[in-house]
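[1] Got a predicted structure here, sequence first:
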Amino acid sequence: MKAKFTPLAWFMRHGILQLGRTVTNQLARRGRRFPPPEDLPAKKLCPSKDMEGECPQEANGSHPEQHEERPPTSDLAMDAGSCTGPVKTGETVITEGKAKIIFPSANEVFYNPVQEFNRDLTCAVITEFIRLQLSAKGIQIAVPGEEKIEKVVVDLSEGEEAESEPAPDGEGAAQAAAVGEVCKEGVRILEALAASGLRSIRFAKEVPGLQAVVANDFSSKAVELMARNIQFNGVGHLVTSSLADARMLMYQQKAEKHPFDIIDLDPYGSPAIFLDAAVQAVSEGGLLCVTCTDMAVMAGNSGETCYSKYGAMSIKGKFCHEMALRIILHSLDLRANCYQRYIVPLLSVSADFYIRVFVRVFTGQATVKASASKQALLYNCVGCGTHQFQRLGKMTGHGSNFKYSSASGPPVGPSCEHCHQRHQLGGPMWAEPLHDQAFVQRVLSALGSNLGRFGTQDRIQGVLSMVTEELSDVPLYYTLDSLSSTIHCNTPSLLQFRSALLHAGYRVSLSHACKNAIKTDAPPSVLWDIMRCWERLHPVKRERLSDTSPAFHILSVEPTLQASFTIREDANPKSRKQGLKRFQENPEAYWGPKARAKAGGGISTSLQDKRKLHQNKRKERAGDRSQVKNIPCKRLKEGSGAGAEKCCPSPEAAPEAVKTDSPPQ
Ligand SMILES: C[S@@+](CC[C@H](N)C(=O)[O-])C[C@H]1O[C@@H](n2cnc3c(N)ncnc32)[C@H](O)[C@@H]1O
Ligand SMILES: [Zn+2]
């Protein structure tokens, strides 16, 4: 007989309610329902001596470089088995940072080695966040490898932050929190989408000042593996695995008034569906760490999809990586605003094929009123790429009082004043600073005193150094190649162009998000004047410009500024002079977003599989002339144009595609 349809039964059959229950039941069964501080074991656990199942290989102080160990052999299994828990045949043990993670050979649980930078950066950021949180409670954190820890006493008895001063060892010294120990006053972390548990285990083994870490996933295969990995690494006293829909878990914790101090969201693609729960389930002043890998959507390939996920239109432009950062910040702030909360970004990074933001969440109705004036629409000229911001609201200060009103606009006319083309409208997006520079400095100086803490430390230091040089009050950027290609002239060197801006009295910086980026407070009219002056020195053939082209309109105007391209000493930023590693080199073959894990480990044909499928296709076909499409390029067809002689329809002569910093979409 056919069962009667009831909505409740349907939801449960389809796993929608069941997952929320599973976590409750499972944790209740285990008697481990995210214990409040007083329930935590009082015993101090020393990572090297008392930690159950501590792997002896870690005690040797070897550099925590990520590497994939040999495929399973009985040797490896025995080797790994000397830690805790058996490694089954067909499984691999991977080391990243201080964690050793068991992985099945099939693609049942997600792991992307290229995201090591993301996980290293997260460990570095949350260490500094925790240092700040705990120092206010008089607790000092001990980070392994850091130069001598200066003991401080923070006296908050008067309700004011007292000066921190070094205390002699012994009496009066502040409490210290060490890695691998439960710190009763420490922070509670939720890794909402944890897969193998690698990130949570790294937190437990590398970051001091933790009260508890919940590693959650809704895949039972992942949670099974996670539980084994927790045991394998001997961090069961700090990390609890949880099987639940991440949203249900966060709503539940919010309802039970048991928020998390740090929530990490590292989803497949977009984090959009988790944001509403996350902004509520994080504690007052707590930290959200959010990854987005749906860069095609966020960078302008599908503006309407971007709107449906983030409430903002993305548009195509050279500035797309920074725009993506501003879109996720807008979305986070907007969702927080629903609950009288608002965000304060600590660090926002664009790397490889994803973006990662670290924001604090606070409550305050008065500050929430300012949120409209922190967002802006973007007018972007389709002809010359000149862009202008239009704030959504206006905030005016009268002493300590603020008045809020609507903004006036638009900032542009019906067509672009420089090239006479139309504007595209993007946003709204976050128009305030992307980073808290003082916080970023703290992360940098901690890394500076602990060289070799992370496998990707050089790159973290390079990227953060660039971040500290970025002009924080200038949203988005131009690129040198787009400015020169608009007027069809050759490109000035970075130092020449930066010098011209400095000579003209403006500020300029690079951006960590894009090579060749020019961030400047100079108005677009000055940028085009500099390009006009450059063109006078390196003339383009005017007769070849169509009289409706952006180049024709821009070059028809006489510059009002006489640009000087004499190189200035201060035109070369420190991070560039020092040759810091600032952009990703190809880390491995087929790098990029990984395919989703599949139940049963079935191989998905997405992303890296497609990449493998298509790799060397050109080379393979090169020998077979019959396969070559005989379509000459436009320049060759016309038989004119510089470089036409170099054009070749044959793939043999075609330069091999070089992967760059742009996302491999
Ligand atoms: C990209 S992986 C996480 C990788 C992991 N954070 C790391 O650093 O290795 C995304 C994970 O989210 C899980 N997931 C997807 N939707 C979920 C949901 N609604 N609730 C809980 N887990 C979810 C997937 O099963 C998958 O394991
Ligand atoms: Zn224009």
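    Cool, the structure landed. Numbering: from 1, shown residues only. Ligands and ions are numbered 1, 2, ... in the order given.

[2] What's the biggest helix in the chain, counting residues?
    As assigned by DSSP state H, the longest helix anywhere in the chain is helix 116-135.

[3] Just the buried positions in it, please.
    Residues of helix 116-135 classed as buried: 116-131, 133-135 (neighbour count, 16 or more other CB atoms under 10 Å). Quick note: C-beta positions are derived from backbone N, CA and C, even for glycine.

[4] Now that helix: average pLDDT?
    What helix 116-135 shows for mean pLDDT is 98.

[5] next SSE after that helix?
    Next helix or strand after helix 116-135 toward the C-terminus (DSSP states H and E): strand 139-142.

[6] And residue 449, how far from ligand 1?
    Per CB to the nearest ligand atom, to the nearest Å, residue 449 is found 26 Å from ligand 1.

[7] swap in residue 288?
    With the distance defined as CB to the nearest ligand atom, residue 288 ends up 14 Å from ligand 1.

[8] so what pLDDT did that residue get?
    99.

[9] Number the residues from 6 up from this point.
    Sounds good: first residue 6 from here, last item residue 293.

[10] Just give the number of residues close to it.
    Residue 293 has 25 neighbouring residues, counting by other CB atoms under 10 Å.

[11] Repeat that for residue 441.
    By other CB under 10 Å, 17 other residues sit near residue 441.

[12] My guess is it contacts residue 351. True?
    Yes: assessed by CB atoms under 8 Å, residue 441 is found in contact with residue 351 at 4.8 Å.

[13] does the nearest residue to residue 444 once chain neighbours are set aside count as helix, strand or coil?
    Among residues not flanking residue 444 along the chain, residue 351 sits closest, at 4.9 Å (CB to CB, 6 or more residues apart in numbering). Secondary structure, DSSP: H, G, I helix; E, B strand; the rest coil: residue 351 is strand.

[14] now residue 408, nearest residue through space, not along the chain?
    Counting by CB to CB, 6+ apart, residue 408 lies nearest to residue 401, which is 4.8 Å off, once chain neighbours are set aside.

[15] Counting by contacts, list what the helix or strand hosting the one you found packs against.
    Here residue 401 is covered by strand 398-403, with elements defined by DSSP H and E. Using 3 or more CB pairs under 8 Å, 6 or more residues apart in numbering; DSSP states H and E, the elements in contact with strand 398-403 are strand 406-411.

[16] and the strand it packs on, average pLDDT?
    On average, the pLDDT along strand 406-411 is 92.

[17] for it, packing partners?
    Applying 3+ CB pairs under 8 Å, 6+ apart, one finds that strand 406-411 contacts strand 398-403.

[18] what does the strand it packs on contact?
    Strand 398-403 is contacted by residues 374-378, 380, 407-413 when judged by CB atoms under 8 Å, 6 or more residues apart in numbering.

[19] Could you identify which of those residues has the most neighbours?
    The residue in those with the most neighbours, by other CB under 10 Å, is residue 380 (24 neighbours).

[20] Could you check the angle the strand holding residue 401 makes with strand 406-411?
    Between strand 398-403 and strand 406-411, the angle comes out at 160 degrees (axes from the mean of the first three to the mean of the last three CA atoms, to 10 degrees).

[21] Residue 99 - that's part of a helix, no?
    No: counting by three-state DSSP, residue 99 is located in no helix; its state is strand.

[22] now it, nearest residue through space, not along the chain?
    Nearest non-adjacent residue to residue 99, counting by CB to CB, 6+ apart: residue 106, 5.0 Å away.

[23] residues contacting residue 220?
    When contacts are counted by CB under 8 Å, 6+ apart, residue 220 touches 196, 199, 202, 204-206, 231, 235, 244-247.

[24] picking that back up, roughly how far does the residue nearest to residue 408 sit from ligand 1?
    Going from residue 401 to ligand 1 by CB to the nearest ligand atom gives 43 Å.

[25] how far away is that residue from residue 465?
    Separation of residue 401 from residue 465 (CB to CB, to the nearest Å): 40 Å.

[26] who's more crowded, the two?
    residue 465 (24 against 10).

[27] now the more buried one, what's its secondary structure?
    Classification of residue 465 by three-state DSSP places it in helix.

[28] List the contacts of it.
    122, 125-126, 129, 452, 459.

[29] Tell me if the residue nearest to residue 99 really is in a strand.
    Yes: assignment of residue 106 by three-state DSSP places it within a strand.

[30] Setting the sequence-adjacent residues aside, check what's closest to residue 322.
    Excluding the flanking residues, the one nearest residue 322 by CB to CB, 6+ apart is residue 385, at 5.5 Å.

[31] Whichever strand or helix holds the one you found vs strand 398-403, what angle?
    For residue 385, the element it lies in under DSSP H and E is strand 380-386. Computed by the same axes, to 10 degrees, the angle separating strand 380-386 from strand 398-403 equals 130 degrees.

[32] who does strand 380-386 pair up with?
    Taking DSSP bridges as the criterion, strand 380-386 sits next to strand 392-396 (antiparallel), strand 428-435 (antiparallel) in its sheet.

[33] What residues sit buried inside the longest one?
    Spelled out, that is strand 428-435. Under 16+ other CB under 10 Å, the buried positions of strand 428-435 are 428-429, 431-435.

[34] what comes into contact with it?
    By CB under 8 Å, 6+ apart, the list of residues contacting strand 428-435 reads 305, 308, 316-320, 322, 328, 330-332, 334-335, 338, 350, 379-387, 397, 417, 420-421, 480.

[35] Check stretch 285-294 too.
    127, 130-131, 134, 193, 195, 255-256, 258-259, 264-271, 283-284, 337, 344, 346, 348, 351, 361-368.

[36] Next: stretch 513-528.
    With CB under 8 Å, 6+ apart, stretch 513-528 has contacts from 323-324, 326-327, 330, 354-355, 468, 471-472, 474-476, 478-479, 481-486, 488, 499, 502-503, 506-507, 509, 511-512, 532, 576, 578, 580-581, 587-588, 665-666.

[37] Could you list the domains of this protein?
    The record's domain parsing of the chain by automatic domain parsing lists 444-582, 632-670.

[38] Please work out which of these is packed deepest.
    Among these, domain 444-582 has the highest mean neighbour count (mean count of other CB atoms under 10 Å), at a mean of 18.

[39] quick one: is that one near ligand 2?
    No: judged by CB under 5 Å from the ion, domain 444-582 and ligand 2 are separated, with a smallest distance of 5.7 Å.

[40] Now that domain: average pLDDT?
    Domain 444-582 carries an average pLDDT of 96.

[41] what about that domain, start to end distance?
    Chord length of domain 444-582, first to last residue, is 23 Å (CA to CA, to the nearest Å).

[42] who's in contact with residue 388?
    By CB under 8 Å, 6+ apart, the residues touching residue 388 are 421, 424-427, 491, 555.

[43] how about a cut-off of 10 Å?
    Applying CB atoms under 10 Å, 6 or more residues apart in numbering to residue 388 gives the contacts 420-421, 423-428, 491, 553-556, 558-559.

[44] Identify those among those residues that sit within strands.
    Mapping the contacts of residue 388 onto strands (DSSP state E) picks out residue 428.

[45] Please identify which pair of the contacts of residue 388 lies farthest apart.
    428 and 556 (18.3 Å; CB to CB).

[46] one step back: quick check: which of the buried residues of helix 121-140 are also close to ligand 1?
    By CB under 6 Å from any ligand atom, the members of the buried residues of helix 121-140 lying near ligand 1 are residue 124.

[47] residue ranges with poor pLDDT in the stretch 156-305 of the chain?
    Where the stretch 156-305 of the chain drops to pLDDT under 70, the residues are 156-179.

[48] can you pull out the helices in it?
    Per DSSP state H, counting those that start in this stretch, the stretch 156-305 of the chain carries helices over the ranges 203-211, 225-237, 251-260, 277-286, 300-301.
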